[in-house]
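what follows is a predicted protein model with its sequence.
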Amino acid sequence: ESCIQQPEFGKLSATQLARILKRSDLAVFREEAVLKCIFKWLSVSRDRSVFLGILLQHVDFHAVSIDNLLRLGRITLSGPDGGDLHREVTQALRVRQRRAHDSDEFQPKRRCLQHWSPDLGASSRALGREVLSVPCFSLCWHQGGLYATDYNGNILCWKPGDAAADARRVVGEGAAVTGINDLGYRCELAISPTGEIFVHDVQNHRLVSFENGSGRIVFDDFPCNNLFCSPTGVLYLLPVGGRVVQKLVGSSLQTVVAAETLPADLQFEGYAIAVTKEEVIYLLDDRNSRILRIDPAEPLKPSVVGEVPSEQDPDLCSLFVTEAGTIYVADHDQGKVLAFRPGNICPTEVLQCPDDLLPMAVLVHGRSMYVGMVDDRDS
């Protein structure tokens, strides 16, 4: 991968580049790096008479992640180049759909790529590494950092590239916080775009806010299932029972949608919530092991966008939705993370947790998926 940074890279002929790319032992971290190399060469080389299709023959498209295949499918290229690219992408997506549940059987063509999952593609490194050395109950991303609640009333902040031991404690014993700073052992976390941290203190049944180094109680005696701060800064809450979605307006709560107002087959018991920048609400319906999508323009007409068959005995406990519309949920008892693609209500397994560990929280940022795992004693 470092060769594309060399001054002489653009002087390679198409034949020379093809010889490099076809090697099964080519040292790359991900197959996407091969595509990056090709497009970089096309932008700087004088030897452009060759069709892109000739070089694309040396890309293992089946080792590319689904998200990146979809992105490639949206690239606009004129002439034969565009046709060659889109044919390869379409074929890879078709094959991927046929083997959606057989990730263990897939083997990348390059020997250096030993690890593979549908969402993360092929990699030369193990798919998982520890970034925090404590069990995590809730996860949030804010301004380049991963925020997590542990089981000792602490909120930690870790940044990519740091060692696990370098995580900074922002709330809890030893943190520079005035006012409320004594959270219970289980806490749900949400962070506004301005950096205000909202915490549902499960043990103490209260909603707490931390801002500018000070903690205060927003609501006391407030049992709650889950909370989420939208990208526009609106805090949404699921009171205990999960039959109502509320949002914080000023210092009071306003009902957004109540299950009792919906048709019987669409009523819910929400356990987790996620909200997009368009204020579209996604609910993890615990009673029916499904995901509901509620458009603010039509709150009384939710749609089912994901469902796990009851025969799989699911225990769904966390929800995350990407900007592209991919939905991730953690299946606690089965030790798995599942994904639902836009337009497909059937899940794909993207992660099986190591033995004796169970997922509690899932978050996706960039090309990384973060999963808070606990053992049976913590869960």
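Great, that's in hand.

what number of residues lie near the closest residue in space to residue 341 that isn't next to it in sequence?
Spatial nearest neighbour of residue 341, excluding adjacent residues (CB to CB, 6 or more residues apart in numbering): residue 326 at 6.0 Å. In this view, the C-beta of every residue, glycine as well, is placed from N, C-alpha and C. Residues contacting residue 326 under the criterion other CB atoms under 10 Å number 20.

could you measure from residue 326 over to residue 72?
Distance of residue 326 to residue 72, given as CB to CB, to the nearest Å: 16 Å.

wait, isn't the residue nearest to residue 341 in contact with residue 340?
Yes - with the criterion set as CB atoms under 8 Å, residue 326 and residue 340 qualify as a contacting pair; they are 7.0 Å apart.

which SSE is immediately downstream of the helix or strand of the chain with the lowest mean pLDDT?
The helix or strand with the lowest mean pLDDT-type score in the chain, counting by mean pLDDT, DSSP states H and E, is strand 115-117 (a mean of 69). As assigned by DSSP states H and E, the chain's next helix or strand after strand 115-117 is strand 121-123.

quick check: next helix or strand after that next one?
strand 138-142.

partner strands of that following strand and their direction?
Pairing partners of strand 138-142, with direction, according to DSSP bridges: strand 145-149 (antiparallel).

what values do phi and psi take at residue 37?
In this entry, residue 37 is assigned phi and psi values of phi -60, psi -40 (degrees, to the nearest 10).

now do the one 5 residues further on
Listed backbone geometry of residue 42 is phi -60, psi -30, with angles given as degrees, to the nearest 10.

which stretches of this structure form helices?
Taking DSSP state H to define them, one finds helices in the chain at 14-21, 32-44, 52-56, 66-73, 79-98.

so for residue 313, which of these sits nearest?
Between residue 313 and the helices of the chain, the tightest spacing by CB to CB is seen for helix 79-98, at 25.3 Å.

could you give me the average pLDDT of the closest one?
Helix 79-98 comes out with an average pLDDT of 75.

again with stretch 315-334
Computed over stretch 315-334, the mean pLDDT rounds to 94.

that stretch: which residues count as buried?
Neighbour-count burial for stretch 315-334 flags 316-322, 326-332, 334 (criterion: 16 or more other CB atoms under 10 Å).

just stretch 347-356 next, same as before
Within stretch 347-356, the residues that count as buried by 16+ other CB under 10 Å are 347-351, 353.

and for stretch 60-80?
Of all the residues in stretch 60-80, those buried under the rule 16+ other CB under 10 Å are 60-69, 72.

now do stretch 12-31
Here stretch 12-31 shows 12, 14, 17-18, 21, 26, 28, 30-31 as buried, counting by 16+ other CB under 10 Å.

how far does that stretch stretch from start to finish?
Between the opening and closing residues of stretch 12-31 there is a gap of 20 Å (CA to CA, to the nearest Å).

about what we covered before: which among the buried residues of stretch 60-80 gets closest to residue 365?
Within the buried residues of stretch 60-80, distances to residue 365 taken as CB to CB reach their minimum at residue 67, with 12.8 Å.

which intervals of the stretch 101-250 of the chain have sub-threshold pLDDT?
Low-confidence regions of the stretch 101-250 of the chain, defined here as pLDDT under 70, cover residues 101-106, 114-115, 117-120, 124-128.

which one of the buried residues of stretch 347-356 is nearest residue 86?
Minimum separation from residue 86 among the buried residues of stretch 347-356 (CB to CB) is found for residue 348, which lies at 22.8 Å.

a markdown table for the helices of the chain, including distance to residue 374?
Written out in a markdown table, the entries for the helices of the chain read as follows (distance: least, CB to CB, whole Å):
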| stretch | distance to residue 374 |
| --- | --- |
| helix 14-21 | 43 |
| helix 32-44 | 32 |
| helix 52-56 | 44 |
| helix 66-73 | 28 |
| helix 79-98 | 31 |
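
so which of those helices comes closest to residue 146?
Counting by CB to CB, residue 146 lies closest to helix 66-73 out of the helices of the chain; the figure is 19.9 Å.

and that closest one, how far out from the chain middle?
Chain-centre distance of helix 66-73: 16 Å, with CA atoms, centre = their mean, to the nearest Å.

begin at 47 from here
All right, first residue 47 from here; so that's helix 112-119.

ok, and what's touching that helix?
Contacts with helix 112-119, where a contact means CB atoms under 8 Å, 6 or more residues apart in numbering, come from 78, 81, 107, 110, 131-132, 135-136, 138-139, 142, 164-165, 167, 370, 372, 387.

put the buried members of these into a ChimeraX selection.
Buried residues among the contacts of helix 112-119 (16+ other CB under 10 Å), as a ChimeraX selection:
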select :78,81,107,110,131,132,135,138,139,142,164,165,167,372,387
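
tell me the contacts of residue 279?
Contacts for residue 279 (CB under 8 Å, 6+ apart) come out as 238-240.

tell me which residues touch residue 306, please.
Going by CB under 8 Å, 6+ apart, the list of residues near residue 306 reads 289, 313.

and the gap between it and residue 290?
The span separating residue 306 from residue 290 equals 9 Å under the rule CB to CB.

highest neighbour count among the contacts of residue 279?
Going by other CB under 10 Å, residue 238 tops these with 18 neighbours.

that one reaches residue 275, doesn't it?
Yes - shown here, residue 238 and residue 275 form a contact pair, counting by CB under 8 Å, at 4.8 Å.

which neighbours do the two share?
Here residue 238 and residue 275 have 244, 281 as joint contacts, going by CB under 8 Å, 6+ apart.
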